[in-house]
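Engineer: Coordinates for the following, if possible.
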Amino acid sequence: MENIMLTLPGNDDYFTQEAYKVLRTNVQFCGQDIKVIVLTSCNENEGKTTVALHLGRSLAELGKTVLVIDADMRKSVMAGRNSNAKAPIGLSEVLSGLADTEHAVCKTQYPNLNVLFSGKYPPNPVELLGGKYFSALIDEARKHYDYILIDTPPLGMVIDAAVAANSSDGVLLVIGNPKLKSSLAKEVISQLEKGGSKILGVVRNFIPENSKSYYYSGKKYRNAYYKPNTSK
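Structural biologist: Numbers count the residues shown, from 1 in each chain. As a prediction, this is how the structure comes out:
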């Protein structure tokens, strides 16, 4: 297991860390049976990878064992942008039988927090995520970790998140674009619901410093969690 260093934006900002603690609490209140969580978004650059890593770190601070899986095997930036790892083997190699999980998982500087990067870009990411080996990987990870967070590509662009969600206990939708069209958000939610996914809530990311959100009223909070209204 390789040791790597993670770089997390806002790592030294008190208010940012407090915001993630609130998100962590809301995730825990989703229930003890919620262990495997898919994170996705509608578009690119909405901050879901940052949210996944920060949430993983925050859960690990409670003594929970956490594995963050980078399942964006199309256009991942996690290894290059958020770590010092150099071309690490990862999920694509594990699912293709080219590497075993033990050697692909990386240990971070944060106790209890491990990461499985995406690896090299395969020609068939959807097939890998929908195959029996991904399901088996998640089933095995459940035995060793309290939480497994799966960072996936934007569902508004490709179907990967909905496929990966079949092996999860729920989905968090990260919205960071203030100009996001409601029609696209509804389309993404509908896609998840059609697949039988449980939507745990929405993380509103990149909130302006001077705005007020449903959960926060401070100047520097960067995200907020909203529980969706599932009543008809």
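Engineer: I'd like the average pLDDT over the longest helix seen in the chain.
Structural biologist: Longest helix in the chain by number of residues (criterion: DSSP state H): helix 14-28. Taken as a whole, helix 14-28 carries a mean pLDDT of 90.
Engineer: What residues of it count as buried?
Structural biologist: Residues 16-24, 26-27 are the ones in helix 14-28 that count as buried (16 or more other Cβ atoms under 10 Å). Every C-beta, even on glycine, is put in place using the N, C-alpha and C of the backbone.
Engineer: likewise stretch 79-98?
Structural biologist: Buried residues in stretch 79-98 (16+ other Cβ under 10 Å): 79, 82-83, 85, 88-95.
Engineer: ranges for the helices of the chain?
Structural biologist: So, for the chain - with DSSP H - the helices run 14-28, 48-60, 78-82, 91-95, 101-104, 125-130, 132-142, 160-164, 182-194.
Engineer: and the ones you listed as a markdown table, adding distance to G201?
Structural biologist: Output for these, formatted as a markdown table (distance: least, Cβ to Cβ, whole Å):
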| stretch | distance to G201 |
| --- | --- |
| helix 14-28 | 7 |
| helix 48-60 | 12 |
| helix 78-82 | 22 |
| helix 91-95 | 25 |
| helix 101-104 | 29 |
| helix 125-130 | 22 |
| helix 132-142 | 21 |
| helix 160-164 | 15 |
| helix 182-194 | 11 |
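Engineer: Which one, of the ones you listed, ends up nearest to S41?
Structural biologist: helix 48-60 (4.6 Å; Cβ to Cβ).
Engineer: Just name the shakiest helix or strand of the protein by mean pLDDT.
Structural biologist: Least confident helix or strand of the chain, by mean pLDDT, DSSP states H and E, is strand 223-226 with a mean of 52.
Engineer: ok, so of the buried residues of helix 14-28, who is nearest N112?
Structural biologist: For the buried residues of helix 14-28, the nearest to N112 is R24 (13.2 Å; Cβ to Cβ).
Engineer: Give me the number of neighbouring residues for the nearest residue to that closest one once chain neighbours are set aside.
Structural biologist: Distances taken as Cβ to Cβ, 6 or more residues apart in numbering place S58 nearest to R24, at 4.3 Å, with adjacent residues excluded. Residues lying near S58 (other Cβ atoms under 10 Å) number 23.
Engineer: got it, and D146?
Structural biologist: Count around D146 with other Cβ under 10 Å applied: 16.
Engineer: what separates it from M73, distance-wise?
Structural biologist: If you measure D146 against M73 using Cβ to Cβ, to the nearest Å, the figure is 25 Å.
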